[in-house]
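Peer 1: structure for this input, please:
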Amino acid sequence: MDNKVVFTLAKAMAEMGMTSVRFNFRGAGTSEGLHDEGRGEREDLVAVWDWLRSQSPGAEIWLAGFSFGSAVAYHSTGGLPGLTGLLLIAPPVNMSYFQPQRRISVPWGVVHGGQDQLIPEPGVRAWCGAHPDRPRYRMLAGADHFFHGQLKALRMTVRGLMEGGDA
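Peer 2: Residues are numbered from 1 along each chain as shown. You can find the predicted model right below:
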């Protein structure tokens, strides 16, 4: 939850007047439990979602995640009533735990670094183009997986996607 990309996502949302919730999945930081290849982490997300819905009933809520967190977000969308939109940053489409075909019924977007050393950009671009619910895709040419030196560009791109612009 203290990762600079996650912090940048939260900052972009705050600039748009949105409230954001950042949390660690099981086994990350000082949280309890053990990493569970995305299965238990989806349970973590649903628990946070349920809490957030109880705190802000009827609010528009976007779900955003970075890398592994984007996979958890993507795989959890069907069980989140009232979801407004989805934003995936550097989705790990080349990892075994990533299930490629989920139906997404809300507006959604993907942002990926053109120099991503862990998840090659051409694979992400191809996945977006082949997805039946085509996301809006933005590639930041100079960005690596952690968006070193590209956080401002990431923030502006996220805002553009969420506001429906062409950023």
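
Peer 1: show the contacting residues for residue 153.
Peer 2: 140, 142-143, 147 (C-beta atoms under 8 Å, 6 or more residues apart in numbering). No exception for glycine: its C-beta is placed from N, CA and C like everyone else's.

Peer 1: go through those and name the one nearest residue 79.
Peer 2: Among the contacts of residue 153, residue 147 lies closest to residue 79 (C-beta to C-beta), at 28.9 Å.

Peer 1: tell me the secondary structure of that closest one, please.
Peer 2: Of the three states, residue 147 takes coil under DSSP: H, G, I helix; E, B strand; the rest coil.

Peer 1: immediately after the worst-scoring helix or strand of the chain on mean pLDDT, which helix or strand?
Peer 2: Ranked by mean pLDDT, DSSP states H and E, the weakest helix or strand in the chain is helix 39-55, scoring a mean of 82. The first helix or strand that comes after helix 39-55 along the chain, using DSSP states H and E, is strand 61-66.

Peer 1: check which residues of the helix or strand following that following strand are buried.
Peer 2: Next helix or strand after strand 61-66 toward the C-terminus (DSSP H and E): helix 68-76. Across helix 68-76, burial judged by 16 or more other C-beta atoms under 10 Å covers 68-76.

Peer 1: ok so, going back, who wins on neighbours among the contacts of residue 153?
Peer 2: For the contacts of residue 153, the largest neighbour count, defined by other C-beta atoms under 10 Å, is 26 neighbours, found at residue 147.

Peer 1: next, the residue lying closest to it once chain neighbours are set aside: phi, psi?
Peer 2: Leaving aside its chain neighbours, residue 147 sits nearest to residue 154 (4.9 Å; criterion: C-beta to C-beta, 6 or more residues apart in numbering). Phi and psi for residue 154, reported as degrees, to the nearest 10, are phi -60, psi -50.

Peer 1: wait, isn't residue 154 in contact with residue 140?
Peer 2: Yes: here residue 154 reaches residue 140: they are 6.5 Å apart, a contact under C-beta atoms under 8 Å.
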